[in-house]
Structures are given as structure tokens and as C-alpha cells.
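Colleague: The following block contains a protein sequence and its predicted model.
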Amino acid sequence: NAGVMQNPRHLVRRRGQEARLRCSPMKGHSHVYWYRQLPEEGLKFMVYLQKENIIDESGMPKERFSAEFPKEGPSILRIQQVVRGDSAAYFCASSRGAWAEAFFGQGTRLTVV
Amino acid sequence: AQKITQTQPGMFVQEKEAVTLDCTYDTSDQSYGLFWYKQPSSGEMIFLIYQGSYDEQNATEGRYSLNFQKARKSANLVISASQLGDSAMYFCAMREVLSGGSNYKLTFGKGTLLTVNP
């Protein structure tokens, strides 16, 4: 009964490259949430997705960031043309429903050099 | 305005002693949930304890208890009999009911770094 799986655990990108972060929710969970943790900060909500739908992207930066959760396969958080300020830990969580408990993955640590 | 305030950037405690980590929150909702998470140096977010706004009893989970004072809007975490492995960042978080009736979004405080001394 695997938990929320995120990969890679660590990702290094040069400025201007693309970063793709993957999240496989727990079995039976169709709701996925992405959070970002900047250094010395708590987690901040980015986006909430259900299968094939973006429900709330109010925490996503307006440019360069996108997220998807296709019918098959993991949820993807995509950051285009990364900048140093994108360096952070990105956490994914999943739940059975919007009212249900959400479980976090181990995070992906993105470093932009 | 900060919705979750953790006023202690860092705390020290002697092994085997109890420690209280402070958390105050701001909401106008009647129905909400309060959470504490532990983040060790390895980085994962570990759920510790949950308190619902309508729960009359303070939540407890093993050595963790939540001192919930609704009128003061505080939800302090108490760790009894501290262990060296308790050294970590601790985050308080709140889940409110959003417009439309859902309540999926967690708002986190900035955290408290707890160091347990031998």
C-alpha cells in the first residue's frame, strides 16, 4: 500500500531549462494538490487537480508554471525556463475527496543553478 | 494578514522533558481543522495530529497532544518526554471551509525548529 510517490527526489536544472516534477497519488485517490516550500518558509498552496481537471490554481505563478493530472499516469508540475527563485521543495499531496485527509509525498527538491 | 502564526522560530528542550510549540490562527469560519506536521532534516512532511473545530476534547496521539483553546484561537502542540529523534521543524496548519463549501486548502505557518539536547 504505497504512499504518495514523488520523483525525482532531487532535481538540478540550469537557468532557462524546463523542470518536470511527477506525483503518483495513493491508490484510490483522485485528488492531487501541489505545494511549494521556499527556504525557511512553510508550505504554500499552488494548485488542486482532479483527474483531467484543474479545480483551483490560485496559488500558481501566472507564467511558466503549469500542472496536469491526466486520466492515466501521474500528475505533472511543469516549470518552464526556470530561474534561481524557483529553487524550492515541491510537495504533492493526495486525497479521496476534497473533504478527506490529504497525505503528502516526500517532496522534490529543485535546485536551479 | 497571517492566518497561522508560529512565534517561536527555534526552541530547545532537554531530552525526556516536555515542550510546547505555539500556534495561533485567524479565521472567521465556524468549521475548520488544525494540523501539526513534523519535517525532519530528510525533508518529508509527517502528519502528527489533527483537531477539528467542533471537537470538544483535545486531540492526543501518543506523546503528542494539542492544547486547543478556541476562544483564544490557539492550537499549541505539546510533546511529552522529548526524544533526540524529535529534533525537526514543526509546522502548524489550518484547513478552512472555502467558498463553494470545499475545504481542501491547507495554510501553513512558518514553522518552529525544535532541538532536543541530550
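Modeller: Alright, I've got the coordinates.
Colleague: For B:Asp86, what are phi and psi?
Modeller: Main-chain torsions, B:Asp86, degrees, to the nearest 10: phi -80, psi -10.
Colleague: Count residues in the vicinity of it, would you?
Modeller: A count of neighbours around B:Asp86, defined by other C-beta atoms under 10 Å in any protein chain shown, yields 19. C-betas here are computed from N, CA, C, even on glycine.
Colleague: Please name the nearest non-neighbouring residue to it.
Modeller: Closest residue to B:Asp86 apart from its sequence neighbours, by C-beta to C-beta, 6 or more residues apart in numbering or on different chains: B:Val116 at 5.1 Å.
Colleague: quick one: the one you found from chain A, how far?
Modeller: To chain A, B:Val116 is 21 Å away according to C-beta to the nearest C-beta, to the nearest Å.
Colleague: Can you classify that residue by secondary structure?
Modeller: strand (DSSP: H, G, I helix; E, B strand; the rest coil).
Colleague: Show me where chain A has its strands.
Modeller: Ranges of strands in chain A, per DSSP state E, are A:5-7, A:10-13, A:19-24, A:31-37, A:43-50, A:53-56, A:65-68, A:75-79, A:88-95, A:103-104, A:108-112.
Colleague: any idea of the angle the third one forms with strand A:88-95?
Modeller: Taking axes from the mean of the first three to the mean of the last three C-alpha atoms, to 10 degrees, one finds that strand A:19-24 is oriented at 30 degrees with respect to strand A:88-95.
Colleague: for the last one, same thing?
Modeller: Put simply, strand A:108-112 runs at 150 degrees to strand A:88-95, going by the same axes, to 10 degrees.
Colleague: Remind me what strand A:108-112 packs against, helices and strands.
Modeller: Strand A:108-112 sits against strand A:10-13, strand A:19-24, strand A:88-95, with contacts defined as 3 or more C-beta pairs under 8 Å, 6 or more residues apart in numbering or on different chains; DSSP states H and E.
Colleague: And those: which comes nearest chain B?
Modeller: For chain B, the closest of the helices and strands packed on strand A:108-112 is strand A:88-95, at 6.2 Å, according to C-beta to the nearest C-beta.
Colleague: Please save the CA atoms from that closest one in PDB.
Modeller: Listed in PDB are the C-alpha atoms of strand A:88-95, where the atom choice follows Å, rounded to 0.1, in the frame of the first residue of the first chain:
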ATOM      1  CA  ALA A  88      12.400  25.100  -3.600                       C
ATOM      2  CA  ALA A  89      10.900  21.900  -2.300                       C
ATOM      3  CA  TYR A  90       7.700  21.000  -4.100                       C
ATOM      4  CA  PHE A  91       5.300  18.700  -2.300                       C
ATOM      5  CA  CYS A  92       2.400  16.800  -3.700                       C
ATOM      6  CA  ALA A  93      -0.500  15.500  -1.600                       C
ATOM      7  CA  SER A  94      -3.400  13.300  -2.500                       C
ATOM      8  CA  SER A  95      -6.800  12.500  -1.000                       C
END
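Colleague: And the strands in chain B?
Modeller: B:4-5, B:10-14, B:19-21, B:24-25, B:32-39, B:46-52, B:60-61, B:64-69, B:74-79, B:88-96, B:106-108, B:112-117.
Colleague: Would you format those strands as CSV with mean pLDDT and distance to A:Val82 included?
Modeller: CSV is the format used below for these (pLDDT from 0 to 100; distance: least, C-beta to C-beta, whole Å):
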stretch, mean pLDDT, distance to A:Val82
strand B:4-5, 96, 29
strand B:10-14, 97, 31
strand B:19-21, 98, 34
strand B:24-25, 97, 34
strand B:32-39, 92, 24
strand B:46-52, 92, 28
strand B:60-61, 96, 39
strand B:64-69, 97, 38
strand B:74-79, 98, 35
strand B:88-96, 93, 25
strand B:106-108, 92, 24
strand B:112-117, 97, 28
